[in-house]
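Visitor: fold the stuff below for me.
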Amino acid sequence: MGSPLAPLGTSRRSRLATILAFTLLAILSLSKIHEARTLLLGRPTAQIPLSAPQQRPWVGDHGSGFELFGIFGFAPQIEAVTLNIKAKEVSSSASSSSHGQLSNPQSYKLNQPVKQSARYDATQSPFQYQLPIEMPKPTKHNLDSPDFNATDLESPLPGIPIASIAVEVPTKKKPASAAKLLFGLATSLESIPTSLLGFQHWASRTDARFVVVHEPQNTTLRPGEPSQQNVTEMFQEADIKHITLVGRPGGPSERFASLLIELYDRLEPQTEWAVLIDEETFFFDLEAVQHMLAKYDSSQPWYVGALSDNKWEVNHGGLYAVGGAGIFISRPLLEALRPFADTCYSNTDTGVSGDILVGECIHQHTTTKLSLEHGLHQLDLHGDATGFYEAARKQPLSVHNWKTWHNFDMPAVASVAKVCGPSCVLQNFRFQDGWQLSNGFSIVRHGYSETDLLAQHPEAMEHTWKTTERDIEDSWRYSLAPLKHRDEEKVQFLMEKSVVEKDGGVTMYYVRRENGIGKALIRLFWH
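Guide: Down below sits the predicted model:
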């Protein structure tokens, strides 16, 4: 007679066998899925995240999608265009007489020279340059095809050649010395590595001086925070050789105002200007900044800067230079402030911003008043700030809030300067069929009606940023006008990746998305 436990044991073994079989089946199924996805994409699935990386809020979430050139979230079927631009260097005497602007481009179509340089369209901004080619017709690609390979984009379809164009740019030269500029910022050691990516673009190899007042290192509150020695080495590796780090307790506003003391204590014989900046302050061309300062006699007291772009902020904050745009204080003014600087801030957080504390100090202890420079921008724009960067206007001297309020990678945008020089960043080029390149930032085709176009100023800025509780009727009138209404029909490719190639060229990837899904790609090669 069998044991009364036998049925129970048999049942248990049966369940274990079932579980084991199910597990093996699941593993095999996952393996097949892995193989299928590898075939579809032509690359290991380890490069495809289970969830999309954080993206700019005004673009939308990627979703999983397909990966192409390290960019995620493409649809199974996309359109692609390839463009080549050759930077043809010319002497400064042959280029534009206006500092920081490109010359009229001598243009080529499919590598064949045209007899005349491209000319301005009278209805367009003088800062928008015409290119004598149309945007090439796109080729279609199925990313979900087992036969697809990224090299397919290297060989356009028969009859659709790769479009090539050449533009004249100033001859490359060694960065101008900025030894007379002493920059100061207040931040934390933790945030310096990402901020340094921006500083490197405009300060590397310029001999500019930096003083950084920071919170004392605290690896308990901020695990992994670098030390002063680590940060010093980072600046050295970025070819910014003159860096002083000062740990100071207290609130961020007080640390910012204390720069009046720290900068004074580190004046050198050649120093002419102390420049107070924020960790998000981005200058496109430090030589252009020095050109702006050249109109001021640095042997006299000067307080130079910009107000907030938003009139609401001016109404509630006062007539003070905002630190994100850059505050320029001449040496005589800094020397005049030093006897009083200790009283201009406390070691407790008062809630008053640091730039207001600095402005109050200047107004209370000197007769110097603010001199405005409208090329400096605090850029108090929330959300979609593309209208600012796409406007056919002179290149800004500075921008701010690019890592937070509107979140766009300015060092990547400015990387095109490695080929065509600092003046070509955000340069506006217009194709014959209306497509528009804001160099390094976007490629767009507007959908404005003929009536809209006739009513628009050629340099009008598209009002794309969102309205907040701080918007008033004249919020942007004194700073960013003329404005035009948001173009709901605009077709827009935003730059999502920039690669500096080994040969010195720069490849920029512009992506058009719909509801966050990549539908088309433009690869632009600068040589």
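
Visitor: look up how far residue 65 lies from residue 74.
Guide: 5 Å (CB to CB, to the nearest Å). C-beta here means a position set from N, CA and C on the backbone, and glycine is covered the same way.

Visitor: any shared contact partners between these two?
Guide: Here residue 74 and residue 65 have 517, 518 as joint contacts, going by CB atoms under 8 Å, 6 or more residues apart in numbering.

Visitor: who has more neighbours out of these two?
Guide: Neighbours were counted for residue 74 and for residue 65 using other CB atoms under 10 Å; residue 74 has more, 23 against 19.

Visitor: need the pLDDT of the more buried one.
Guide: We have a pLDDT of 95 for residue 74.

Visitor: same check, this time on residue 164
Guide: We have a pLDDT of 83 for residue 164.

Visitor: A strand includes it, no?
Guide: Yes - counting by DSSP: H, G, I helix; E, B strand; the rest coil, residue 164 is part of a strand.

Visitor: now it, which residues is it bridged with?
Guide: residue 84 (DSSP bridges).

Visitor: what about the closest residue in space to residue 408 that isn't next to it in sequence, which SS state?
Guide: Using CB to CB, 6 or more residues apart in numbering and skipping the chain neighbours, the partner closest in space to residue 408 is residue 402 (5.4 Å). Residue 402 falls in the coil class when you classify it by three-state DSSP.

Visitor: also residue 525?
Guide: strand.

Visitor: state the pLDDT value of the residue nearest to it when sequence neighbours are not counted.
Guide: Counting by CB to CB, 6+ apart, residue 525 lies nearest to residue 84, which is 4.9 Å off, once chain neighbours are set aside. The per-residue pLDDT reported for residue 84 equals 91.

Visitor: my read: residue 84 touches residue 166, true?
Guide: No - using CB atoms under 8 Å, residue 84 is not in contact with residue 166, being 9.1 Å away.

Visitor: neighbours of the residue nearest to residue 525, just the number please.
Guide: Neighbours around residue 84, by other CB under 10 Å: 17.

Visitor: let's number from 34 now, not from 1
Guide: New numbering, starting at 34: the last item is residue 117.

Visitor: any idea how far residue 397 lies from residue 376?
Guide: From residue 397 to residue 376 the distance is 9 Å (CB to CB).

Visitor: same thing with residue 118?
Guide: For residue 118 relative to residue 376 (CB to CB), the value is 55 Å.

Visitor: between these two, which is the more surrounded one?
Guide: More crowded of residue 118 and residue 376, by other CB under 10 Å: residue 118, with 29 against 10.

Visitor: SS state for residue 158?
Guide: Put simply, residue 158 is coil when judged by three-state DSSP.

Visitor: so it touches residue 461, yeah?
Guide: Yes - using CB under 8 Å, residue 158 is in contact with residue 461, at 7.1 Å.

Visitor: hey, what's in contact with both of the two?
Guide: 425, 426.

Visitor: look at those two and report which has more neighbours.
Guide: Set residue 158 next to residue 461 and count neighbours by other CB under 10 Å: residue 461 wins out with 22 against 18.

Visitor: list the contacts for that one?
Guide: Applying CB under 8 Å, 6+ apart, the residues near residue 461 are 158, 160, 161, 162, 423, 424, 425, 426, 469, 470, 471, 472.

Visitor: from residue 163, how far out is it?
Guide: Residue 461 sits at a distance of 10 Å from residue 163 (criterion: CB to CB).

Visitor: overlap of the contact sets of those two?
Guide: Counting by CB under 8 Å, 6+ apart, residue 461 and residue 163 have no common neighbour.

Visitor: on that earlier part again, list just the nearest of the contacts of residue 461 to residue 508.
Guide: Of all the contacts of residue 461, residue 424 has the smallest distance to residue 508: 16.7 Å, by CB to CB.

Visitor: only the buried residues of stretch 477-484, if you could.
Guide: Across stretch 477-484, burial judged by 16 or more other CB atoms under 10 Å covers 477, 478, 479, 481.

Visitor: same list (those residues) but as CSV, adding pLDDT, secondary structure and distance to residue 411.
Guide: Formatted as CSV, those follow (pLDDT from 0 to 100; DSSP: H, G, I helix; E, B strand; the rest coil; distance: CB to CB, whole Å):
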residue, pLDDT, secondary structure, distance to residue 411
477, 98, strand, 25
478, 97, strand, 30
479, 96, coil, 27
481, 94, coil, 28
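
Visitor: tell me how far the spatially most central residue of the chain lies from residue 316.
Guide: Ranked by distance to the mean C-alpha position of the chain (CA atoms, centre = their mean), the top residue is residue 443 at 1.6 Å. Using CB to CB, residue 443 is found at 10 Å from residue 316.

Visitor: cool, and residue 354?
Guide: Counting by CB to CB - residue 354 and residue 316 are separated by 15 Å.

Visitor: between the two, which one's more packed in?
Guide: The residue with more neighbours, out of residue 354 and residue 316, is residue 354; 28 against 25, by other CB under 10 Å.

Visitor: I'd say that one and residue 335 touch.
Guide: No - with contacts counted by CB under 8 Å, residue 354 stays clear of residue 335, the gap being 11.0 Å.

Visitor: mutual contacts of these two, please.
Guide: Shared contacts of residue 354 and residue 335 (CB under 8 Å, 6+ apart): residue 361.

Visitor: confidence score at residue 178?
Guide: Note on residue 178: pLDDT of 88.

Visitor: then residue 184?
Guide: 78.

Visitor: how many residues are close by it?
Guide: Neighbours of residue 184 under the rule other CB under 10 Å: 8.

Visitor: what's it sitting at in phi/psi?
Guide: For residue 184, the backbone dihedrals (degrees, to the nearest 10) come out as phi -70, psi -10.

Visitor: if I look at it, how far off is residue 360?
Guide: Distance, residue 184 to residue 360, by CB to CB: 51 Å.

Visitor: can you check residue 322 too?
Guide: For residue 322, the distance to residue 360 - CB to CB - is 12 Å.

Visitor: could you do residue 492 as well?
Guide: 27 Å.

Visitor: ok, the two, which is more surrounded?
Guide: Comparing residue 492 with residue 360 by other CB under 10 Å, the one with more neighbours is residue 360, at 29 against 16.

Visitor: nearest spatial neighbour of residue 350, chain-adjacent residues omitted?
Guide: Leaving aside its chain neighbours, residue 350 sits nearest to residue 389 (6.3 Å; criterion: CB to CB, 6+ apart).

Visitor: chain center to the helix or strand hosting the one you found, what's the gap?
Guide: Using DSSP states H and E, residue 389 sits in helix 387-398. From the chain centre to the centre of helix 387-398 is a distance of 30 Å (CA atoms, centre = their mean, to the nearest Å).

Visitor: check which residues of that helix are buried.
Guide: Within helix 387-398, the residues that count as buried by 16+ other CB under 10 Å are 387, 388, 389, 390, 391, 392, 393, 394, 395, 396, 398.

Visitor: counting by contacts, list what the helix or strand just after it packs against.
Guide: Later in the chain than helix 387-398, the nearest helix or strand by DSSP H and E is strand 403-405. Counting by 3 or more CB pairs under 8 Å, 6 or more residues apart in numbering; DSSP states H and E, the packing neighbours recorded for strand 403-405 are strand 336-338.

Visitor: that concludes my questions; thank you for your assistance.
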